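>>> sequence and predicted structure, then a few things I'm wondering about:
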Amino acid sequence: MSINPIQQWLNGRPNARRFPFEPTMVAFQHHGKHAMPQEWLTLLSTARDRLFEVSGPKDHLTAFLFNALDKADNRFDYRSYLALPLLPIPDPDTSSDTAARLMARRNRYHVLLLSDLIAFELHALDSAKAPLPRLRPTEPIVRKRLRHAVRASVPALRRLSIDLHLPDEPVSAARHLVAMACVDRSSTDRLTLRTSMLPVSTVHDEWLFVRVLQAFELAFGQLAVDLTAVCSAVSDKQLPEAGARLCTAAALLREAGPLWSLLATMQPEAFHTFRVHTDGASAIQSRAYKLVESLCRTPDRQRLHSAAYRSVPDVQARIRHGQATIDDALDAIRADQHTLSQTPALADGMQQFAAALQQWRRTHYRLAVRMLGTEQPGTGATPGTPYLLQNRETAVFRHRTAIGNHQQHQQP
């Protein structure tokens with residue numbers, strides 16, 4: 001019997017650059033995280049314990065081991081399930097790049113995630129030896145899935161000034177997009193994509209599920225950065241600039257809409273099969289989404305103390321310590337009639353963003369009902385669709401109507 005590659009790595013002079021990521025990922029995708037053999041988990045735990053001895057940059061390896069051992073450590077959650085520590089999720093607390101650079105990075109990784117999904121679907125069409133073989137969808141479903149995946153990629157490609165001239169036939173278009181996406185893919189990109197796919201099962205559609213949720217996290221991370229900038233702009237009475245930034249944020253959220261059509265190609269049977277192993281990981285634990293929601297306006301007391309916010313204690317703490325919101329910033333300038341005279345651009349931005357977010361919530365609810373029904377709890381005994389129904393029409397901004405009324409009063 002050949003020696004386990006992690007044991008071989010440990011027996012030598014451990015170097016982070018030479019960690020056997022590839023055979024480790026093959027093992028995870030062959031068994032699924034839920035059924036990973038104990039031998040592998042023990043060796044991965046040993047590798048983590050010996051990180052202080054490891055030479056070379058250790059950030060990626062540390063984050064990978066954090067995600068890989070979450071079930072073994074009994075701390076499996078949404079963040080580790082989606083391997084978010086391995087992805088460049090924008091964050092208003094840590095992202096120091098310009099808005100343009102952050103958006104470009106989000107667009108690039110959006111395309112990388114979707115091209116990886118497309119490549120996985122094409123591999124499964126071409127070979128029975130592709131990973132995650134259980135409950136493979138029929139070819140018509142795959143063709144529909146490829147069409148939606150390509151469509152969901154196009155807005156980011158346009159933002160990156162890439163014109164594909166894609167063929168109409170979905171499989172040909174998908175192959176063309178994957179070839180294009182591989183052209184400038186770096187070794188870091190390849191490692192990030194490879195190690196950020198740690199499915200809990202061997203069900204084919206889980207790959208789709210993970211990649212789409214990761215793409216949503218990228219989008220909401222970018223939106224949190226945008227809304228933080230909007231808060232600052234309103235506080236500085238730069239209302240036209242704030243309105244323009246909100247319009248940009250609304251456009252990004254609308255462009256993420258096709259991801260729902262893509263996710264809707266997931267087979268309900270497949271979802272229910274792998275979902276039994278995701279207990280503890282729920283989308284209500286999304287930190288990026290809670291930041292977006294709470295930056296618009298401070299959540300009501302009941303909402304703040306709900307399971308949604310208890311699952312992101314750092315965001316809950318930010319709110320309790322007086323996190324600035326767009327509503328708060330507007331409160332501070334309501335008495336300044338000169339400043340309020342500049343509100344048309346801001347009101348338009350708020351209206352566009354609120355409409356886009358409400359549409360996102362409604363679509364999320366409809367898909368959840370299709371998969372779970374109207375009374376089913378979410379994963380980890382979270383509220384599920386009843387919670388989504390309660391939240392889907394919650395006002396995004398308290399002040400949107402007030403601003404609209406002010407505009408009407410100013411009209412001749």
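Arrived safely.

>>> now do the SS call for Ile3.
Following DSSP: H, G, I helix; E, B strand; the rest coil, the label given to Ile3 is coil.

>>> from what I can see Leu69 touches Thr42, true?
No: counting by CB atoms under 8 Å, Thr42 is not a contact partner of Leu69; they are 10.2 Å apart. All C-beta spots, glycine's among them, are computed from the backbone N, C-alpha and C.

>>> gap between the closest residue to Ala250 other than its chain neighbours and His321?
Once flanking residues are discounted, Ala250 sits nearest to Gln352: 3.8 Å by CB to CB, 6 or more residues apart in numbering. Using CB to CB, to the nearest Å, Gln352 is found at 30 Å from His321.

>>> okay, the two: which has more neighbours?
Using other CB atoms under 10 Å as the criterion, Gln352 and His321 rank with Gln352 on top: 19 against 7.

>>> pLDDT score for the more buried one?
Gln352 carries a pLDDT value of 93.

>>> the residue most central in space within the chain: which element?
In the chain, the centroid-proximal residue (CA atoms, centre = their mean) is Glu217; its distance is 1.8 Å. Using DSSP states H and E, Glu217 maps to helix 205-235.

>>> flag every buried residue along that helix.
For helix 205-235, the neighbour count (16 or more other CB atoms under 10 Å) marks 205-231, 233-235 as buried.

>>> what's the first helix or strand after that helix?
Later in the chain than helix 205-235, the nearest helix or strand by DSSP H and E is helix 239-255.

>>> name the residues of stretch 48-56 that are buried.
Within stretch 48-56, the residues scored as buried using 16+ other CB under 10 Å are 48, 54.

>>> low-confidence ranges in the stretch 301-412 of the chain?
Within the stretch 301-412 of the chain, the segments meeting pLDDT under 70 span 335-342, 374-393, 399-412.

>>> ok, now with 80
Applying pLDDT under 80 to the stretch 301-412 of the chain picks out residues 332-343, 373-394, 398-412.

>>> show me what contacts the residue nearest to Ala63 when sequence neighbours are not counted?
Excluding the flanking residues, the one nearest Ala63 by CB to CB, 6+ apart is Pro85, at 4.1 Å. The contact partners of Pro85, by CB atoms under 8 Å, 6 or more residues apart in numbering, come to 63, 66-67, 79.

>>> show me those that map onto helices.
63, 66-67, 79 (DSSP state H).

>>> domain parsing for the protein?
Domains of the chain are assigned by automatic domain parsing as 5-74, 90-203, 237-255+281-412.

>>> Thr273 is nearest to which of those domains?
domain 90-203 (5.1 Å; CB to CB).

>>> distance from the chain centre to that closest one, please.
With CA atoms, centre = their mean, to the nearest Å as the basis, domain 90-203 stands 13 Å off its chain's centre.

>>> show the end-to-end separation of that domain, please.
30 Å (CA to CA, to the nearest Å).

>>> show the average pLDDT along that domain.
93.

>>> follow-up on the earlier one: more neighbours, Leu69 and Thr42?
A direct count of neighbours by other CB under 10 Å for Leu69 and Thr42 places Leu69 higher, at 19 against 14.

>>> quick one on the thing from earlier: determine the set of other helices and strands touching the helix or strand that contains the residue nearest to Ala250.
Secondary structure from DSSP H and E places Gln352 in helix 343-372. Packed against helix 343-372 by the contact rule (3 or more CB pairs under 8 Å, 6 or more residues apart in numbering; DSSP states H and E) you find helix 239-255, helix 258-263, helix 268-275, helix 287-296, helix 385-391, helix 400-410.

>>> residues in contact with the second one: which ones?
So that's helix 258-263. With contacts defined as CB under 8 Å, 6+ apart, helix 258-263 is touched by 145, 148-149, 151-152, 208-209, 212, 215-216, 363-364, 367.

>>> separation between Asp189 and Asp116?
Asp189 is 10 Å from Asp116, where distance means CB to CB.

>>> please say which of these two ends up with more neighbours.
Asp116 (23 against 16).

>>> tell me the contacts of that one?
Here Asp116 is in contact with 193, 197, 211 (CB under 8 Å, 6+ apart).

>>> ok, now Gln285?
77-79, 311-312.

>>> just Val292 next, same as before
Val292 neighbours (CB under 8 Å, 6+ apart): 220, 223-224, 227, 357.

>>> repeat the analysis, applying 7 Å as the threshold.
Residues in contact with Val292 (CB atoms under 7 Å, 6 or more residues apart in numbering) are 220, 223-224, 227.

>>> what helix or strand is the closest residue in space to Arg185 that isn't next to it in sequence on?
Spatial nearest neighbour of Arg185, excluding adjacent residues (CB to CB, 6+ apart): Leu112 at 7.1 Å. Here Leu112 sits within helix 99-126, counting by DSSP H and E.

>>> burial of Arg106, as a residue count?
By other CB under 10 Å, the residues close to Arg106 number 23.

>>> roughly how far does it sit from Asp314?
Using CB to CB, we find Arg106 at a distance of 22 Å from Asp314.

>>> for Ala72, same thing?
With distances taken as CB to CB, Ala72 is found 24 Å from Asp314.

>>> more crowded one of these two?
The neighbour count for Ala72 versus Asp314, taken as other CB under 10 Å, is higher for Ala72 (16 against 10).

>>> contact partners for that one?
Contacts for Ala72 (CB under 7 Å, 6+ apart) come out as 41, 45.

>>> what of Leu213?
Contact analysis of Leu213 by CB under 7 Å, 6+ apart lists Leu82.

>>> any idea how far Ser282 is from it?
Distance of Leu213 to Ser282, computed by CB to CB: 11 Å.

>>> just Asp97 next, same as before
Using CB to CB, we find Asp97 at a distance of 30 Å from Ser282.

>>> between these two, tell me which one has more neighbours.
Taking other CB under 10 Å, Asp97 and Ser282 do not tie; Ser282 has more neighbours (23 against 12).
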